[in-house]
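>>> sequence below, structure please.
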Amino acid sequence: RRLTHLVLLGLGKYSLLMGWFGRSNRGSSASIVSGVPIVQGTAVQSSPGRRRQATSSRNDPNGDGTGSLVDPVGSSGYYNGRRGDVQENSFKDVFFAILFILHLAAMMYFMFKYTQQIDGGALHSGIGWVVTICAAVAVALSTLSLAVMMCCPTTMVKLALIFSVCMSAVMAVMGVLSGQMWMAMLGVVAFLMHCCYAYFVWGRIPFAAANLNTALTAVRQNLGLAVVAYAFLALAFGWSLWWMNSVGLAYQRVGWTLFLFLVSYYWVHQVLKNVVHVTTVGVVGMWWHVPKEASTCCSKALFNSFGRAMSYSFGSICFGSLIVAIVQALRALWHVAHQNDDCSILVCLIDCILACIQGIIEYLNKWAYVYVGLYGYSYLDAGRNVMQLFQNKGWTAIIADNLAENVLTMVSMAIGVLTGLVGFLLGLANPDLFVNLGLPAGGVGGFLCGALVGYLLSSVFLGIVSSAVNTVIVLFAEAPREFEQNHPQLSREMRETWRRAWPGEYSG
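Next up, the predicted model:
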């Protein structure tokens, strides 16, 4: 059932991407001819009276009128499509922020009231130093991976694409060897579709590599983002431990009580993740427009972006996170209610439908929060504006070909394997170390523990890069001139690879 769900979800995403691919090749509503902005086939010059936002602490971080975060009109006087407007500093979606705080207060009441004592014999004191060693290795490898990806981004994107194809082939082979013909057939179909996808997008790899290189440069110059990410990871880990230790009573029934507890669990995790995402977006946006404000580990942009995410934009973060959390809770509740119905096709289909709904909402949230972090929009306004941006500029194909995500997934898996090997060696040194956790004795238990720690920490770290990649796509669509002024070498690389990947978008 799980394999079928994963394959169907993957095929659905592939169909969606290929739909974007075909639509984008049929025509584009915005182009650039010889560097001159074109909207609907006409060079549009901005009027002197085009709306501008008043200078504020949000769009003028220096306070002297020289540090504008976003200028809606390019310095050349041309307006390149629809661009976002920096919003005034005001609290957006306040209702959801208040609801989230009240929900936390209620959860704390129930948790303190029903918290059970943790059994000290359930944890082994020797696990701590193993996790610490594996975590240190994972952090070091994650940092090193930035340099590796920046040295050969094109090769990394190609390897990631080939890796996804090979994984489909492995699934088909495993199905044949295990005698599960449905698994083998699904693996073959996935393999063929991945091959077709790789064939169609192979020419766009250079642009994806340039996009990834730009995002990596921004993150490398603002490594303080990693501190924020790991801090929120620690909060998420603590929340999980507390929640699991406190809701045992709710698990004894399948109904609205368990559903509410599940919504609470996923909502907090989604909020923590999206706060990091919005903070990263704000820092990359400042790096794009005002590099001097976002070029150190603990830059002014980092503190300002984090402050906005936790204040003015916190309600918007809670709003979108709640939608995803409700779907996640429905899926979890469905699993609990039908955990013994492994042979039911209906159970599998409903689970797949819920998974697709969750994936679509998370995908839209990812781009909506880019506008929340850049301009301070409310959640609904951010969603409308980011979709309008890509419609006006004909960039849906670029969203579809976000091949950089494949690289980050592959690197996270590689780091998980390497840290798993470290845990394997530690497990061999102390064979009984992981017995109390229910893991196999010896090196196998050490490998599983190390791989989990390594994959989790690297995913958090590289999740920052993923947020930066999304931000670069949006900013390159609507602020190419600022990019050329502040980062000319990276700008030329992205423009040249874009011309080669989408020759129809250019003439002359």
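
>>> looking at the protein, which helix or strand is least sure?
One helix or strand of the chain scores below all others by mean pLDDT, DSSP states H and E: strand 36-39, with a mean of 29.

>>> low-confidence stretches in the stretch 401-508 of the chain?
For the stretch 401-508 of the chain, the stretches with pLDDT under 70 are 401-402, 433-442, 504-508.

>>> next, the buried residues of the host helix or strand of Tyr230.
When secondary structure is defined using DSSP states H and E, the element that contains Tyr230 is helix 224-246. Neighbour-count burial for helix 224-246 flags 224-226, 228-230, 232-233, 236, 239, 243, 246 (criterion: 16 or more other Cβ atoms under 10 Å). C-beta coordinates here come from the backbone N, C-alpha and C atoms, glycine included.

>>> could you do stretch 487-498 as well?
For stretch 487-498, a neighbour-count test (16+ other Cβ under 10 Å) marks 487, 490-491, 493-495, 497-498 as buried.

>>> what would the residues you listed look like in JSON lines with distance to Met171 and secondary structure?
Formatted as JSON lines, the buried residues of stretch 487-498 follow (distance: Cβ to Cβ, whole Å; DSSP: H, G, I helix; E, B strand; the rest coil):
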{"residue": "His487", "distance to Met171": "41", "secondary structure": "coil"}
{"residue": "Leu490", "distance to Met171": "38", "secondary structure": "helix"}
{"residue": "Ser491", "distance to Met171": "40", "secondary structure": "helix"}
{"residue": "Glu493", "distance to Met171": "36", "secondary structure": "helix"}
{"residue": "Met494", "distance to Met171": "35", "secondary structure": "helix"}
{"residue": "Arg495", "distance to Met171": "39", "secondary structure": "helix"}
{"residue": "Thr497", "distance to Met171": "32", "secondary structure": "helix"}
{"residue": "Trp498", "distance to Met171": "34", "secondary structure": "helix"}
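
>>> which of these lies closest to Val474?
Nearest to Val474, judged by Cβ to Cβ, of these is Met494 at 13.1 Å.

>>> thinking again about what came up before, got the buried residues of helix 224-246 as CSV, with pLDDT and distance to Val370 columns?
As requested, those are arranged in CSV below (pLDDT from 0 to 100; distance: Cβ to Cβ, whole Å):
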residue, pLDDT, distance to Val370
Gly224, 90, 20
Leu225, 91, 15
Ala226, 89, 20
Val228, 92, 17
Ala229, 89, 17
Tyr230, 88, 22
Phe232, 90, 18
Leu233, 85, 22
Ala236, 85, 22
Trp239, 85, 26
Trp243, 78, 29
Ser246, 64, 35
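
>>> and of the residues you listed, the nearest to Trp502?
Distances from Trp502 to the buried residues of helix 224-246, taken by Cβ to Cβ, are shortest for Leu225, at 30.5 Å.

>>> against His194, how distant is the closest one?
Going from Leu225 to His194 by Cβ to Cβ, to the nearest Å gives 32 Å.

>>> again with Cys352
Taking Cβ to Cβ, one finds Cys352 at 19 Å from His194.

>>> from Trp243, how far off is Gly320?
21 Å.

>>> oops, could you answer that again for Gly445 instead?
Gly445 is 25 Å from Trp243, by Cβ to Cβ.

>>> just how off-centre is the helix or strand encompassing Phe319 within its chain?
Assessed by DSSP H and E, Phe319 sits inside helix 314-337. Remark: helix 314-337 is offset 17 Å from the chain centroid, using Cα atoms, centre = their mean, to the nearest Å.

>>> what's the mean pLDDT across the next helix-or-strand element following it?
Moving toward the C-terminus from helix 314-337, the next helix or strand (DSSP H and E) is helix 345-375. Mean pLDDT, helix 345-375: 84.
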